[in-house]
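> Got a sequence here, can you model it:
(one chain, ligands or ions: 2)
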Amino acid sequence: MILHIEHAIEGGTLEAIVETIKKYDFLDGLETAGRAAKEVKRNQQLRLEGEQPAALRLLLNHLQQNNLVQSAALPRSYTNIMVNRYQSGMEYGLHVDDALMGHTRTDISFTLGLTPSDNFEGGELVLEDTTGERSWKLGQGELLLYPSHYLHRVNPVKTGERLAMVGWIQSHIRDSQQREMLFDLKCSMSEEFEQRGKTTQYDRLSKTYNNLLRHWAE
Ligand SMILES: O=C(O)CCC(=O)C(=O)O
Ligand SMILES: [Fe+2]
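Ligands and ions are numbered 1, 2, ... in the order given. Prediction:
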């Protein structure tokens with residue numbers, strides 16, 4: 001299941017955080033690329049040494065409080081997050097993300113756009129499967145959550161600059177189809193509760209949701 005959330009973090013909060021992040025040091029992205037990624041990674045990354053900067057922790061906290069993210073991803077743990085910067089001419093060619101990062105299995109990848117989309121040309125995040133490709137141009141506050149099994153790339157930025165936060169989630173539910181079923185059930189539960197309250201129907205949905213989750217969760 002791919003989930004696109006248009007306003008994952010409130011505008012004012014995000015702008016202030018982005019201003020802070022822009023002042024940090026950026027390094028050549030090759031420093032954190034594996035052997036194959038080195039051939040296609042042409043971007044820059046926030047210098048991260050020791051503790052994660054406060055602005056990044058704040059961003060991650062906001063994301064973790066987002067109910068949609070919570071119910072779609074069922075996160076068990078997060079990797080350290082990164083901030084990627086693509087200036088004019090930079091790109092990240094086709095690759096698949098590492099399956100393990102430290103002690104975290106990467107079930108879900110995410111990108112949160114930090115730059116308003118009219119500030120840069122190009123820079124779409126593209127996912128590829130056997131049927132072709134789909135692309136998203138993520139503006140400020142826009143989030144894409146996608147299963148980490150996809151080959152994907154970031155198109156060259158032609159003008160302007162694209163700043164994005166990226167990270168990975170190990171989910172309680174490893175399988176993306178199972179996550180989708182649980183997400184659908186959760187949405188139905190919430191809708192039923194909002195429209196009619198704690199009905200028999202709600203109880204049945206809740207029973208099934210929780211019992212499936214108990215069955216599958218790791
Ligand atoms: O910048 C992005 O949106 C994605 C970057 C990416 O694929 C990665 O860092 O592995
Ligand atoms: Fe990637």
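> So for the least confident helix or strand in the chain by mean pLDDT, what gets flagged as buried?
Within the chain, no helix or strand scores below helix 11-22, which has a mean of 90 by mean pLDDT, DSSP states H and E. Within helix 11-22, the residues that count as buried by 16 or more other Cβ atoms under 10 Å are Leu14, Ile17, Val18, Ile21. For every residue, glycine as well, the C-beta is placed using N, CA and C.
> residues in contact with it?
Applying Cβ atoms under 8 Å, 6 or more residues apart in numbering, the contact partners of helix 11-22 are 46, 53, 55-56, 58-59, 62, 83, 114-115, 140-141, 163.
> Give me the subset of those residues that lies in helices.
Judged by DSSP state H, helices contain the following of the contacts of helix 11-22: Ala55, Leu56, Leu58, Leu59, His62.
> Tell me the one of the residues you listed nearest Leu30?
Nearest to Leu30, judged by Cβ to Cβ, of the ones in helices among the contacts of helix 11-22 is Leu56 at 20.8 Å.
> and the gap between the closest residue in space to the closest one that isn't next to it in sequence and ligand 1?
Among residues not flanking Leu56 along the chain, Ile81 sits closest, at 5.7 Å (Cβ to Cβ, 6 or more residues apart in numbering). Taking Cβ to the nearest ligand atom, to the nearest Å as the measure, Ile81 falls 10 Å from ligand 1.
> contacting residues around Ile81?
Ile81 neighbours (Cβ under 8 Å, 6+ apart): Gln52, Leu56, Leu59, Leu60, Met165, Val166, Gly167.
> do the same with Asp118
Asp118 makes contacts with Gly139, as judged by Cβ under 8 Å, 6+ apart.
> tell me the secondary structure for it?
helix (DSSP: H, G, I helix; E, B strand; the rest coil).
> now do Arg35
coil.
> give me the low-pLDDT residue ranges for the chain?
Nowhere does the chain drop to pLDDT under 70.
> Tell me where it has helices.
11-22, 54-65, 67-73, 176-196, 200-216.
> Could you give the bridge partners of whatever residue of the chain ends up closest to ligand 1?
Proximity of the chain to ligand 1 (Cβ to the nearest ligand atom) peaks at Thr111, 3.6 Å away. Bridge pairing for Thr111 (DSSP bridges) gives the partners Leu144, Val166.
> can you tell me how far it sits from Tyr92?
11 Å (Cβ to Cβ, to the nearest Å).
> How is this protein divided into domains?
As assigned by automatic domain parsing, the chain contains the domains 3-171, 176-216.
> Provide the partner residues of Glu133 in its beta bridges.
Glu128.
> Number of residues surrounding it?
Residues lying near Glu133 (other Cβ atoms under 10 Å) number 14.
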